[in-house]
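In: next one to model:
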Amino acid sequence: MPNFNLSELGKKWGIKEDTITAPPDGLKNAGSMFAEPDPREKPYLQAIADQIYGRFTTVVKDGRGSKLKGNIKDICDGRIYTANDALKNGLIDQIGYADDVYAWVKTQAG
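Out: Down below sits the predicted model:
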C-alpha cells in the first residue's frame, strides 16, 4: 500500500487539499497525498492492510491446504512468483495455458 505525501511540495507551490468528508473529523481521506498527515492515519491504514493480508493468507491456506510446501507466512510474503516457483511452493498444481484449462474443464464436465 504505497503512500506518498506531497503536502510540503503543495505548500511550496500554493496547492492545498480541501476535501469534504462526512463526518468531517473522520478518516475517509486517510492517506491523501496532498493533506497534512494525521497521526491517526498510519495505524488505521496498517490495520486495513493487516486485515487484507490475513484474509488473503486464510484463502490461500484453505484453498491449497496440504498441497502447500512450506509455512503459509513464508510463502505468502508479498513476492511475485513465477509459474515454476508457484508450482514448487504448492500454490498451483501444474503449469499450462488456457487451452490446457479448457481441456481439463471439458474432461471434468464429461
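In: and what about I15, helix, strand or coil?
Out: Recorded secondary structure, I15: coil (DSSP: H, G, I helix; E, B strand; the rest coil).
In: quick check: nearest residue in space to it, chain neighbours excluded?
Out: F34 (6.9 Å; CB to CB, 6 or more residues apart in numbering). Using the backbone N, CA and C atoms, a C-beta is placed for each residue, glycine as well.
In: likewise for R64?
Out: G90 (6.0 Å).
In: what about the helices in this structure?
Out: For the chain, the helices defined by DSSP state H cover 7-13, 41-64, 72-75, 83-88, 98-109.
In: output the below-cut-off pLDDT ranges for this protein.
Out: Along the chain, the model assigns pLDDT under 70 to no residue.
In: returning to what we had before: right, and the residue nearest to R64 touches K69 too?
Out: Yes - between G90 and K69 a contact is recorded at 4.1 Å, counting by CB atoms under 8 Å.
In: still on that earlier bit, so the residue nearest to I15 sits against E8, correct?
Out: No - using CB under 8 Å, F34 makes no contact with E8, being 10.5 Å away.
In: for these two, indicate the residue with more neighbours.
Out: F34 (16 against 8; other CB atoms under 10 Å).
In: contacting residues around that one?
Out: By CB atoms under 8 Å, 6 or more residues apart in numbering, F34 lies in contact with 6-7, 10, 15-17.
In: before we move on, what about E36?
Out: E36 touches S7, counting by CB under 8 Å, 6+ apart.
In: tell me the contacts of the residue nearest to C76 when sequence neighbours are not counted?
Out: Once flanking residues are discounted, C76 sits nearest to T57: 4.8 Å by CB to CB, 6+ apart. Contacts for T57 (CB under 8 Å, 6+ apart) come out as 72-73, 76.
In: what's the answer for S32, then?
Out: Taking CB under 8 Å, 6+ apart, we find S32 in contact with 17, 19.
In: selection in ChimeraX covering whichever of the contacts of F34 are buried, please.
Out: Those of the contacts of F34 that count as buried under 16 or more other CB atoms under 10 Å are selected in ChimeraX with:
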select :7,10
